[in-house]
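>>> I'd like to go over a predicted model; first the sequence, then the structure.
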Amino acid sequence: MNSQKLLFGFMPLPLIWGYIAIAIFMAGDGFEMAFLSKYITNMGFSQEQATFVFTVYAFVAAIAAWSSGVIAEVITPQKAMLAGFAIWVVFHVLFMTLGIGMHNYPLMVIFYGLRGFGYPLFIYSFIILLIHNLPQNKISTAMGWFWAAYSVGLGTIGGLLPGYTNSKIGEHGTLWLALIWVAVGGLLALFALRKVKISEEKANLSSSEKIHELTRAITILFTNKYIFMSALIRIINTIPLFGVAIIMPWFLEGDPKHNLAGLGFKNEEWQQIWALFLTITIFTNVLWGIMGDHIGWLRQVRWIGCVCGVFSCLAFYYVPLYFGHNYYAAMIPAVMLGITVAAFVPMTAVFTALEPNHQGAAVSIYNLSASLSQSVAAIIAGAVIGIWGISGVLWTYAGLYVFAAILTYFIKVDQPKMVKTVRN
């Protein structure tokens, strides 16, 4: 720890500004999420073409998330954040001018896809900065605040503000406004974090040694069985989150393609229920980040995240089934999932504690697992719904939580100051 002023007894003041920068940056990054696909189809392109734009973007972002931890260590987190910021700005401008501006579909795909390298490199490099500057027994708390800042930016500001700006300056204007928000967040981070302590051990390696370190983002899965099991848990963590977003509109509103009559809900009602879930996670990320450092990382993941998560999954089917078209009753599962899904926040601390000499590689695997979660959720939903219906999908998700709970008993990690209580 450096000698600068600490807040809450452990947090250097510049890192607080880093959290604010993450929230502002992710707000700008999330502006287009609710309307870009429709905006592209309104330009005359097909739904399939619009979907492909997002598919390419998601693939590139997953690669960036996977490699960001190691990259941040071998070039320093600040330089990695600068690279991510610059990539986002450059390719967003090219996307807006040569892609959207010229109605050139191939360039839209290329530039929007390449922009996907930007935000993971920016925000996940900040995690490495947190790890290098905070005691191990505060990483869970720090990550709780990180995901809260992420949710405030992407989910709250990024989700609500475009609803206002689209009517005032149009969707095209909102896309340009996103650049301003990202620029403010990026510049704030670069200014506030420029003198934060960093470990240059990996940055001073030779080129061949750096390449070898980059390969650890792959090989660590096979050399450390606890990292592999932790990766499975992290994948399972948000499978119900992404899966519920896919199947619940079919269940509540109906879907002729799947022979689902629905329960009479309107799309606006489901959107409000989902917004409640996102709002709940802002607070529960902070709560469980702090609690994990006190009651035990894996103990919290096991009982709150996994075991209680089983009931959260099943509630999405059985509560609406019992109460029918009852808007307030349908909020109960959303609140439950908002509480339980955030209990996995300490997994970042688990990953880094399992590989203290290669924390960048550990964070890279964590990020890869998080990225895979959405794809796995969609695959399960698509494969199961035609056989066992909505209930079958949710029972499958619940079963995965049981499997994750069992895995926690096989992971051996020493949590600072709580060694005796978290040995499994």
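Yep, it's here. Numbers count the residues shown, from 1 in each chain.
>>> so where's the stretch 201-350 of the chain uncertain?
201-207, 209-210, 213, 257-258 (pLDDT under 70).
>>> Can you tell me how far Ser67 is from Arg216?
Ser67 is 11 Å from Arg216, where distance means C-beta to C-beta, to the nearest Å. C-beta here means a position set from N, CA and C on the backbone, and glycine is covered the same way.
>>> typo on my end, it should be Leu394
37 Å.
>>> And those two? Which one has more around it.
Neighbours were counted for Leu394 and for Arg216 using other C-beta atoms under 10 Å; Leu394 has more, 28 against 22.
>>> Contacts only, for the more buried one.
Leu394 makes contact with Pro240, Gly243, Val244, Ile247, Cys313, Leu314, Phe316, Tyr317, according to C-beta atoms under 8 Å, 6 or more residues apart in numbering.
>>> Which strand or helix spans it?
helix 359-408 (DSSP states H and E).
>>> Mind checking the pLDDT average for that helix?
Here helix 359-408 scores 92 as its mean pLDDT.
>>> wait, doesn't Ala21 sit right on Gly186?
Yes - the pair Ala21 / Gly186 is scored as a contact, 7.3 Å apart, by C-beta atoms under 8 Å.
>>> May I have the secondary structure class of the nearest residue to Gly360 once chain neighbours are set aside?
In space, not counting the residues next to it along the chain, Gly360 is nearest to Glu73; the distance is 3.4 Å by C-beta to C-beta, 6 or more residues apart in numbering. Per DSSP: H, G, I helix; E, B strand; the rest coil, the local secondary structure of Glu73 is helix.
>>> nearest to Tyr401, of the contacts of Leu394?
Closest approach between the contacts of Leu394 and Tyr401, by C-beta to C-beta: Cys313, at 6.7 Å.
>>> domains for this protein, by residue range?
What automatic domain parsing lists as the domains of the chain is 6-204, 213-422.
>>> start to end distance for stretch 233-245?
20 Å (C-alpha to C-alpha, to the nearest Å).
>>> again, but for stretch 234-243
Per C-alpha to C-alpha, the first residue of stretch 234-243 is 15 Å away from its last.
>>> Torsion angles phi and psi at Thr352?
Backbone geometry at Thr352, expressed as degrees, to the nearest 10, gives phi -70, psi -30.
>>> Apart from its neighbours in sequence, what residue is nearest it?
Gln359 (4.6 Å).
>>> you'd agree Gly262 is up against Glu269?
No - between Gly262 and Glu269 there is no contact under C-beta under 8 Å: 11.5 Å.
>>> shared neighbours of the two, which are they?
Common neighbours of Gly262 and Glu269 (C-beta under 8 Å, 6+ apart) are Leu252.
>>> Show me the strands in the stretch 1-150 of the chain, by range?
For the stretch 1-150 of the chain, the strands defined by DSSP state E, counting those that start in this stretch occupy 6-7, 11-12.
>>> From Asp414, how far off is Ile387?
Per C-beta to C-beta, Ile387 is found 43 Å from Asp414.
>>> between these two, which one's more packed in?
Asp414 (14 against 8).
>>> where does the more buried one fall, helix, sheet strand or coil?
coil.
>>> which one of the strands of the stretch 1-150 of the chain has the lowest average pLDDT?
Looking at those, the bottom one is strand 6-7 with a mean of 58.
>>> so what's the residue nearest to Thr352 up against?
Counted by C-beta under 8 Å, 6+ apart, Gln359 has contacts Gly69, Glu73, Ile128, Ile131, Thr352.
>>> same thing but 10 Å
By C-beta atoms under 10 Å, 6 or more residues apart in numbering, the contact list for Gln359 reads 69-70, 72-73, 127-128, 131-132, 136, 139, 199, 202, 348, 351-353.
>>> Among those, which one sits closest to Ser37?
Ser37 has its nearest neighbour among the contacts of Gln359 in Ile127, at 29.2 Å by C-beta to C-beta.
>>> tally of neighbours for that closest one?
Ile127, neighbours per other C-beta under 10 Å, totals 25.
>>> Could you verify my assumption that it touches Ala370?
No - between Ile127 and Ala370 there is no contact under C-beta atoms under 10 Å: 11.4 Å.
>>> any idea how far Val319 is from Leu263?
Val319 is 11 Å from Leu263, by C-beta to C-beta.
>>> Ok, Met248 next?
Counting by C-beta to C-beta, the gap from Met248 to Leu263 is 10 Å.
>>> same question, His172
38 Å.
>>> what's the neighbour count on Gly173?
12.
>>> Spatially nearest residue to it, not counting backbone neighbours?
Spatial nearest neighbour of Gly173, excluding adjacent residues (C-beta to C-beta, 6+ apart): Thr165 at 6.9 Å.
>>> wait, doesn't the one you found sit right on Ile157?
No - using C-beta under 10 Å, Thr165 is not in contact with Ile157, being 11.2 Å away.
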